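Colleague: Would you be able to build a 3D model of this:
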Amino acid sequence: MSLDTPRDLFLHELSDIVSAEHIVLKMLGELQQETGNADVKAALKNHQAETQQQIKNLDKVFKQLGEKPEDTTCHAAEGLKKEHDALKEEQPSPLVLEMGNLAGAAKTEHYEIASYTALVQMAKDLGETEVADLLKENLDQEKEMARTVESLAKQMGKEAKAEMKELETAKS
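Modeller: Numbering: from 1, shown residues only. Modelled structure (predicted):
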């Protein structure tokens with residue numbers, strides 16, 4: 001696909017986020033299996049359902065545009081997956097894995113927020129208001145999940161701090 005017009009770029013970026021959402025969807029299942037924290041598991045399960053809806057929204061976007069997504073791989077999402085795989089190879093303790101997974105989730109959410117923010121603006125610039133509305137739905141969900149991940153990471157950090165304090169006390 002040549003990228004000669006703003007619409008070409010828009011379709012290319014839409015295809016990229018479709019790939020990203022499919023990679024994220026697969027990762028969410030893995031992360032649910034890795035967590036022992038009920039709150040994290042619930043958040044991941046909720047985000048899995050949201051991601052499925054986001055993919056449906058993207059399908060609607062392409063339908064409204066009379067286009068089909070190009071076959072592409074989102075290298076950013078693929079890179080985030082590789083980071084997760086590398087973390088697991090280090091065989092971290094369960095708490096460290098949880099903390100690392102939440103950090104990875106935060107990175108992923110911020111990537112998705114940046115992508116959807118740009119896509120919403122492109123849709124508006126191209127006069128595609130209905131498409132912009134669907135993309136904004138996805139953007140809003142990503143922002144909410146980023147807040148949830150941040151809250152869970154803070155909670156996990158407090159647990160880690162308490163655990164470290166207990167270890168120091170036990171050594172003395």
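
Colleague: Which of the helices and strands in the protein ranks last by mean pLDDT?
Modeller: When each helix and strand of the chain is scored by mean pLDDT, DSSP states H and E, helix 129-171 comes last, with a mean of 92.

Colleague: That helix packs against which elements?
Modeller: helix 38-65, helix 94-125 (3 or more CB pairs under 8 Å, 6 or more residues apart in numbering; DSSP states H and E). The way it works is simple: take the backbone N, C-alpha and C, and place the C-beta from them, glycine included.

Colleague: and the angle from the longest one to helix 129-171?
Modeller: With axes from the mean of the first three to the mean of the last three CA atoms, to 10 degrees as the basis, helix 94-125 and helix 129-171 are set at 160 degrees to each other.

Colleague: likewise the first one?
Modeller: For helix 38-65 against helix 129-171, the angle by the same axes, to 10 degrees is 160 degrees.

Colleague: Show the average pLDDT along helix 38-65.
Modeller: Mean pLDDT, computed over helix 38-65, is 96.

Colleague: in it, what counts as buried?
Modeller: Buried residues in helix 38-65, counted by 16 or more other CB atoms under 10 Å: 40, 43-44, 47-48, 50-51, 54-55, 57-58, 61-62, 65.

Colleague: With the longest one instead?
Modeller: By neighbour count on 16+ other CB under 10 Å, the buried set for helix 94-125 is 97-109, 111-113, 115-116, 118-120, 122-123.
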